[in-house]
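Colleague: give me coordinates for this.
(chains A, B and C)
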Amino acid sequence: MREVLEGSQAVARTVARCRPGVVCAYPISPQTHIVEALSAMARTGELEGCEYVNVESEFSAMSVSIGASAAGSRAYTATASQGLLYMAEAVFNAAGMGLPIVMTVANRAIGAPINIWNDHSDAMALRDAGWLQLYAADNQEAADLHVIAFAAAEELGIPAMVCMDGFVLTHATDVLELATAAEIDAFLPPYAPAQVLDIDHPTTIGTMAGPESFTETKYLQHLRFLDAAGVIEAWSERFREAFGREAGGLAVRYAPDTLDRDREAPPADAGDVVVVAMGSVLGTLQAALPALRREGVPVRLVGLSSFRPFPATALREALGGARDVVVIDRALELGSGGVLTGDVGRALAGTRSRVRSVVAGLGGRPILEASLQDVVRRAHAGELEPLEFLDLKEGGVPVPHHGATEVHR
Amino acid sequence: MTTVHIPFLQTGSLAVGGRLLSEDERSVQSHTDRPSSLTKGHRACQGCAEALAARWVMDTAVEASGGRLIVANATGCLEVFSTLYPESAWKPPWIHSVFANAAAVATGIASSLHAQGKDDIRVLAQGGDGGTVDIGLAAVSGMFERNDDVLYVCYDNQGYMNTGVQRSSATPAAARTATTPAVGRAPGQAWGQGKSMVKIAMAHEIPYVASATPADLRDLEAKVRTAMSIHGARYLHVLVPCPVGWGSESRLSIALARAAVQSGIFPVVEARAGELTDVQRIRERVDVTEYLEPQARFAHLFKPGGEDALARWRAVAEANIRRYHLLGGES
Amino acid sequence: MRQVRIHGRGGQGVVTAAEMLARAGFLAGHEVQAIPSFGSERTGAPVVSYCRFDDAPLRTREPVLAPDVVLVQDPTLLATGGVFAGLAPGGLVIVDTTTSAHEVRAAAGAEDVEATVVTVPATSITLRHLGRPKPAAAMLAAYAASADDVTLEAVEQVFRARFPGAVGEANAAAAQESFAFVRDELTGMSEAETAAASTRED
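Modeller: Coordinates of the predicted model:
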């Protein structure tokens, strides 16, 4: 049933239908609407058989999730920004112990200066935490990715973050079709943990590993992570077959002219300018690029749904040897460039592609279609610098005028 | 026929065994089939009272729960000496996550068990003073506030012994540690306000709070048994002398724990819902020097210039005796 | 595509208005999207939200820059500027006020902007029916009366669904009164225009 829903409500309902045993969270903007909805569902009984735990910090939210997952429950939490950093130690720990917790990250900037608005700095800061990181392009995918995330995480024994742009998606209302409880029951295998704190078969979880065994432990974790791309792809494929719509996957292709998401779309040509992006800016690019195609600019779009594992092979295949690659990056590696650009560059090492980094939408700066079109035109003309900041205002930090949040290009 | 009266000194004494008591009066430790939850082969130091207390606490909890116990452990000596891969000295299902989160991990386990309908399986969380009084305090307080069904046990050896004896907020005043050296005008740990974790726990008005030492096995076991008979958040604070950190002889660990109690420095108490309900009276009062002098960390108190600190410690003991009526009187 | 920008103050239900407009638009068969402005604004601070209708799925996440329709829930915002900003030529501006379109234009410094300005005392109407200054239903009904993107029935339906019971009914009643008010106003306007046109012809 297609319905009009706020992104956070869509995610909360989908998570509830995945039947978590324990949901534990600490409120932080812009994740709040998700956990508010889940806490209400836990009390109304819509979220049955589930313990909802209100804790005193994100660090405890992740720690409760660790305990719950280790004791045999499907565990879910959600956070953003400072909250993700506050729980960071436990985030790494969950991955090291192979606990398939699913966490929504309502992507938000990291302070100082404190900023509650959207970019990808938070999840990017934990890119090597050993979690899967799946990015939603829109609210439909944000909801659907949670189903795929639980399935893939539990098969792999690797926890998964579902990253959705804070406010831009979490607080936006769209027309969506949610997977029903019955559909998810048929799709998602019951939680069957690989290791569990069991009084009949006692185990010790979380031992110390010395220099003689730590490298091998990490190597095995690495090998497991290498399996992740195939598992994500397989579950995304199963999702498409079961639900009749696309979600997840690795590198997402778009049809050249309509910019529709199209798994059959051909790879880019050598002469194309390919824009690579992640998250909700993909929708704005879908809206902005057809006009350029009509102008005769040979532009193509490739999205990344999976950032961890980074799908280097799928990305290279989609890029098809394109000469000009423009990465729209929502997080900054200070002194270097976009964070995503670094991964794209590594994936394209040894190819003839030139990678340009456009850092866009930091701290909630709206990303405008016209600005993106300008970037692509200049890339096509060979005028784009290796690193640019979209709509950067010259002359220092501007003082905003009073009044409503307004948008000016 | 002449009968000779042989005094069985163990009976009724404070000794571990108590095998001559009737079956139901014996300590868990006196049984040959005691659970030995923390089994042999671990790497604790000689004379480690934490290892001893942890085994006693957990054995009692295992027995009280009918073997249905899951344990969450904070980072610290107890974790490091017991679980160096590929070995584990723990018999019950046991998890270590990170330093500051044992209470929250335990909440997660309890929540999961409740969601699974396995409320008969009990949850115990444990950590040292660092993981409880310092870095883990927020999680412990959160667990108390929610009244989660967890027994939290703090083994207080009064410092960061695992990392080489640095001070914690549980380090006693004037004690020398690696980060509070016994030099300068105010040697050792500063005379701050201290931090009573027992009082903090009581302020949460959780169902049960108690303190204990390994100098009194029966009291320790009784408190664990009481705690295990109650649901909700429970807190047990156990003073565990550390020969390495305290600079004391390994053989003195139990004696020091006893001296801490008998001098009035460490009150052994019991509280329910925020109200003090029982206090262990001092049996044979000793001077604070009996506790302080065998410990190298207090050596500077017994040199010229240490008189003031020693006097302050006597005042602390007096205050405890007065506050908790440790010598009797109204409580 | 039809793009709407809603101005108001924190506490007036500006974000709810955009969501409800999207819901009403969906009932009218459109693809819809509602975007709140994301701020840490407190009660009373100026707030905007956006809504889009289209026949094709809406993909862009850009805030509305060139609205076809602007709804103003608080006339005191007119003087702060920006209400007419980016308005598409021939756009529609609906203002919650007891004054006239002429006074609205004067207050906003928009005397010469090519736009239809509709005024409706939405808050007054809502206070009578609901007892609280939450004029969203009345404003959306004014929109329904001025354009064919949404219907009055859809506006009533989405408020009844969101606020079952007395609150929903009060919103629906406010919507009906507001709708009738604006229809009368528009009839008056078109008669005046006809008169003006015939005058010019003469």
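
Colleague: quick check: the gap between the residue in the stretch 1-150 of chain A positioned nearest to chain C and A:Thr173.
Modeller: Residue of the stretch 1-150 of chain A nearest chain C, by CB to the nearest CB: A:Val4 (4.7 Å). Using the backbone N, CA and C atoms, a C-beta is placed for each residue, glycine as well. In this view, A:Val4 and A:Thr173 are 6 Å apart by CB to CB, to the nearest Å.

Colleague: one more: B:Arg322?
Modeller: B:Arg322 sits 65 Å away from A:Thr173, going by CB to CB.

Colleague: when these two are compared, which one has more neighbours?
Modeller: Taking neighbours as other CB atoms under 10 Å in any protein chain shown, B:Arg322 and A:Thr173 compare with A:Thr173 leading, 28 against 12.

Colleague: ok now the helix or strand of chain C with the lowest mean pLDDT, how far from the chain's centre?
Modeller: For chain C, using mean pLDDT, DSSP states H and E, the weakest element among its helices and strands is helix C:166-201, scoring a mean of 85. Taking CA atoms, centre = their mean, to the nearest Å, one finds the center of helix C:166-201 at 13 Å from the center of the full chain.

Colleague: packing partners of that helix?
Modeller: Helices and strands touching helix C:166-201, by 3 or more CB pairs under 8 Å, 6 or more residues apart in numbering or on different chains; DSSP states H and E, are strand C:115-120, helix C:122-129, helix C:136-146, helix C:152-162.

Colleague: could you redo the last one with a cut-off of 10 Å?
Modeller: Helices and strands touching helix C:166-201, as assessed by 3 or more CB pairs under 10 Å, 6 or more residues apart in numbering or on different chains; DSSP states H and E, comprise strand C:91-96, strand C:115-120, helix C:122-129, helix C:136-146, helix C:152-162.

Colleague: low-confidence stretches in the stretch 51-200 of chain A?
Modeller: Along the stretch 51-200 of chain A, no part satisfies pLDDT under 70.

Colleague: where do the helices of it begin and end?
Modeller: Along the stretch 51-200 of chain A, the stretches classed as helices by DSSP state H, counting those that start in this stretch are A:58-70, A:81-86, A:88-96, A:121-125, A:139-156, A:181-187.

Colleague: among those helices, which is the most enclosed?
Modeller: Ranked by mean neighbour count, the helices of the stretch 51-200 of chain A are led by helix A:58-70 with a mean of 32 (mean count of other CB atoms under 10 Å in any protein chain shown).

Colleague: output that one as CSV, restricted to C-alpha atoms.
Modeller: Only the C-alpha atoms of helix A:58-70 are listed here, as CSV (Å, rounded to 0.1, in the frame of the first residue of the first chain):
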residue,chain,number,x,y,z
GLU,A,58,24.7,6.5,23.5
PHE,A,59,27.7,4.6,25.0
SER,A,60,25.2,2.7,27.1
ALA,A,61,22.8,2.3,24.1
MET,A,62,25.5,0.4,22.2
SER,A,63,26.6,-1.5,25.3
VAL,A,64,23.0,-2.6,26.0
SER,A,65,22.8,-3.7,22.3
ILE,A,66,26.0,-5.7,22.7
GLY,A,67,24.6,-7.5,25.8
ALA,A,68,21.3,-8.1,24.1
SER,A,69,22.8,-9.4,20.9
ALA,A,70,25.2,-11.6,22.8
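
Colleague: got the angle for it vs helix A:139-156?
Modeller: With axes from the mean of the first three to the mean of the last three CA atoms, to 10 degrees as the basis, helix A:58-70 and helix A:139-156 are set at 50 degrees to each other.

Colleague: surely A:Gly21 and A:Ala71 touch.
Modeller: Yes. With contacts counted by CB atoms under 10 Å, A:Gly21 reaches A:Ala71, the gap being 8.8 Å.

Colleague: the more surrounded of the two?
Modeller: Between A:Gly21 and A:Ala71, A:Ala71 has the larger neighbour count (other CB under 10 Å), namely 32 against 22.

Colleague: rewinding a little: any common contacting residues for A:Val4 and A:Thr173?
Modeller: Common neighbours of A:Val4 and A:Thr173, using CB atoms under 10 Å, 6 or more residues apart in numbering or on different chains, are C:19-20, C:22-23, C:26, C:32-34.

Colleague: ok, now which ones touch the residue most central in space within chain C?
Modeller: Residue closest to the average C-alpha location in chain C (CA atoms, centre = their mean): C:Leu71, at 3.4 Å. For C:Leu71, the contact set (CB under 10 Å, 6+ apart) comprises C:4-8, C:14, C:17-18, C:21, C:48-49, C:51, C:83, C:92-96, C:118, C:120, C:122, C:135-136, C:139-140, C:142-143.

Colleague: closest to A:Glu369 out of the helices of the stretch 51-200 of chain A?
Modeller: Ranking the helices of the stretch 51-200 of chain A by proximity to A:Glu369 (CB to CB) places helix A:139-156 first, at 19.1 Å.

Colleague: near chain B, anything from the closest one?
Modeller: No. Helix A:139-156 does not reach chain B (CB under 10 Å from any CB of the partner chain); its nearest approach is 15.0 Å.

Colleague: for the residue of the stretch 151-300 of chain B found nearest chain C, which non-adjacent residue is closest in space?
Modeller: In the stretch 151-300 of chain B, the residue that lies nearest chain C is B:His204 (32.8 Å; CB to the nearest CB). Among residues not flanking B:His204 along the chain, B:Phe144 sits closest, at 3.8 Å (CB to CB, 6 or more residues apart in numbering or on different chains).

Colleague: ok, that neighbour - contacts?
Modeller: Neighbouring residues of B:Phe144 by CB under 10 Å, 6+ apart: B:103, B:150, B:152, B:200-206, B:209, B:232-235.

Colleague: now with 6 Å?
Modeller: By CB atoms under 6 Å, 6 or more residues apart in numbering or on different chains, the residues touching B:Phe144 are B:204, B:206, B:233.

Colleague: which of these has the most neighbours?
Modeller: B:Ala233 leads the contacts of B:Phe144 on contacts (other CB under 10 Å) with 29 neighbours.

Colleague: how about the contacts of B:Phe144 in CSV, adding pLDDT?
Modeller: Converted to CSV, those look like this (pLDDT from 0 to 100):
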residue, pLDDT
B:His204, 98
B:Ile206, 98
B:Ala233, 98
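
Colleague: what's the closest of these to C:Ala174?
Modeller: Minimum distance to C:Ala174 across the contacts of B:Phe144 is 49.4 Å, recorded for B:His204 (CB to CB).

Colleague: please report how far the closest one lies from B:Ala273.
Modeller: Distance of B:His204 to B:Ala273, computed by CB to CB: 10 Å.

Colleague: elements contacting the helix or strand where the residue of the stretch 1-150 of chain A closest to chain C lies?
Modeller: Using DSSP states H and E, A:Val4 sits in strand A:2-6. Under the contact criterion of 3 or more CB pairs under 6 Å, 6 or more residues apart in numbering or on different chains; DSSP states H and E, strand A:2-6 touches strand A:173-177, helix C:14-27.

Colleague: want to try TSV for those, with distance to A:Glu58 as columns?
Modeller: Formatted as TSV, the helices and strands packed on strand A:2-6 follow (distance: least, CB to CB, whole Å):
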stretch	distance to A:Glu58
strand A:173-177	27
helix C:14-27	26
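
Colleague: now stretch C:34-54: mean pLDDT?
Modeller: Averaging pLDDT along stretch C:34-54 yields 85.

Colleague: ok, residues contacting it?
Modeller: By CB under 6 Å, 6+ apart, the residues outside stretch C:34-54 that reach it are A:167, A:171-173, A:403-405, C:1-11, C:14-15, C:18-19, C:21-22, C:25, C:30-33, C:58, C:63-64, C:77, C:149.
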